[in-house]
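J.: got a predicted model here, sequence first, then my questions.
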Amino acid sequence: MTRITVLGAGAFGTALAVTLARGGASVTLWARNPGQVAQMQNTGENKARLPGVKLPINVAVTSEISFVPADEPVLLTLPMQTLRGFLSESRAQLDGRKLVACCKGIDLTTLEGPASLIARACPKAVPAILTGPSFAADIARGLPTALTLACADDAAGEELQRRLSTPVLRLYRSTDVTGAELGGALKNVIAIAAGIVTGSGLGDSARAALMTRGYAEMARMVTELGGRPETLAGLSGFGDLVLTCTSTQSRNFRFGMALGRGEEFDPSVTVEGAATARAVAALAGKRGLDMPITAMIAALLDRKLTIAEAVSALLSRPLKQE
């Protein structure tokens, strides 16, 4: 039987644990909070993060991290901005393992993606990225989902693809870690922008234009950082961009809608795209990359611009070839 460890019992981590267990794997689900662990053990579900979804009997829940066996795939389903600290704290337990990052973003301090953070903290580990168009609720309900599994070591990637695929979770393999992780990170920024367009009442045509020009920005950065633009045409780029920019299940899209309407957004909800927008804007500045949508989102979040000023600035940019 395949054994898999999932570190992080948020909605997405719990959903992955559930679908992998239904696929026949023996899954260990780790949560930092012992109280959350006790609640899940007593009720058989993660009421705080994924209510109404029962944990299969082959999901074991724990708050101990010393258990991680060396031969098991380890899924890191932690928020992007906490990943670096977690890896530093847990390197003794994680180094030498196959570590699959399931978070999407760029670290605000180092301006790096999850694969680079893994490589630095755990130099003997095999870093991989699991990314693509997916909502926790859909995965937990057993709805068909396709994702990208990116690993520079193709043999290790093939093993992970085999062990992590289920009848309803289809994984496509790639060796372009940079392209895959940037697609997942950058689309969150564009999703915030798409939400702002919708919340401001600018219309579906404007949102389509925003998504298209946002995709061009994504390709620009992927190319600059050594990724393959064609990776963005797959699940980790185009697929995730479409999903996140068109559904209110997306936290980034809902956050943007709230901004567009001038409403407060629940501060307890993690919005990865907010920190990523600031990180990408800083990285683009260092690289001399023109990323106007990202720059506008970062400026809006820092209250340096109003929405009206941001829209005006984007629409008044010089005309050019597509």
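T.: In hand now; what should we look at? These numbers were taken from a predicted model, which means no experiment stands behind them.

J.: contacting residues around the most centrally placed residue in the chain?
T.: Residue closest to the average C-alpha location in the chain (CA atoms, centre = their mean): Lys104, at 2.5 Å. The contact partners of Lys104, by CB atoms under 8 Å, 6 or more residues apart in numbering, come to Met80, Thr131, Glu181, Gly184, Ala185, Lys187, Asn188, Glu272, Thr276. (C-beta placed from N, C-alpha, C; glycine too.)

J.: and it, what pLDDT?
T.: With respect to pLDDT, Lys104 scores 97.

J.: repeat that for Ala233.
T.: pLDDT at Ala233 comes out at 96.

J.: next, count neighbours for it.
T.: Using other CB atoms under 10 Å, Ala233 has 15 neighbouring residues.

J.: repeat for the one 4 residues further on
T.: Using other CB under 10 Å as the criterion, Gly237 is surrounded by 29 other residues.

J.: now it. Nearest residue, chain neighbours left out?
T.: Computed as CB to CB, 6 or more residues apart in numbering, the closest residue to Gly237 that is not its neighbour in sequence is Gly183, at 3.6 Å.

J.: can you pull the contacts of the one you found?
T.: Thr131, Met218, Val222, Thr231, Leu232, Gly234, Ser236, Gly237, Asp240, Leu241.

J.: coming back round to it: so which of the contacts of Lys104 belong to strands?
T.: Applying DSSP state E to those, the entries found in strands are Thr131.

J.: return the subset of the contacts of Lys104 lying in helices.
T.: Met80, Glu181, Gly184, Ala185, Lys187, Asn188, Glu272, Thr276 (DSSP state H).

J.: could you save the contacts of Lys104 as JSON lines and add columns showing distance to Arg91?
T.: Output for the contacts of Lys104, formatted as JSON lines (distance: CB to CB, whole Å):
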{"residue": "Met80", "distance to Arg91": "18"}
{"residue": "Thr131", "distance to Arg91": "23"}
{"residue": "Glu181", "distance to Arg91": "20"}
{"residue": "Gly184", "distance to Arg91": "24"}
{"residue": "Ala185", "distance to Arg91": "23"}
{"residue": "Lys187", "distance to Arg91": "29"}
{"residue": "Asn188", "distance to Arg91": "27"}
{"residue": "Glu272", "distance to Arg91": "23"}
{"residue": "Thr276", "distance to Arg91": "24"}
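
J.: the strands in the stretch 101-250 of the chain, which residues?
T.: Using DSSP state E, counting those that start in this stretch, the strands of the stretch 101-250 of the chain run over 126-131, 145-150, 169-174.

J.: partner strands of the first one, parallel or antiparallel?
T.: Sheet pairing here is set by DSSP bridges, and for strand 126-131 it gives strand 98-101 (parallel), strand 145-150 (antiparallel).

J.: could you check the angle strand 169-174 makes with it?
T.: For strand 126-131 against strand 169-174, the angle by axes from the mean of the first three to the mean of the last three CA atoms, to 10 degrees is 120 degrees.

J.: tell me the mean pLDDT for strand 126-131?
T.: Mean predicted confidence for strand 126-131 is 98.

J.: contacts for that strand?
T.: Here strand 126-131 has contacts from 75, 97-102, 104, 113-115, 118-119, 147-153, 156-157, 160, 164, 171, 177, 180-181, 183-184, 235-236, 240, using CB under 8 Å, 6+ apart.
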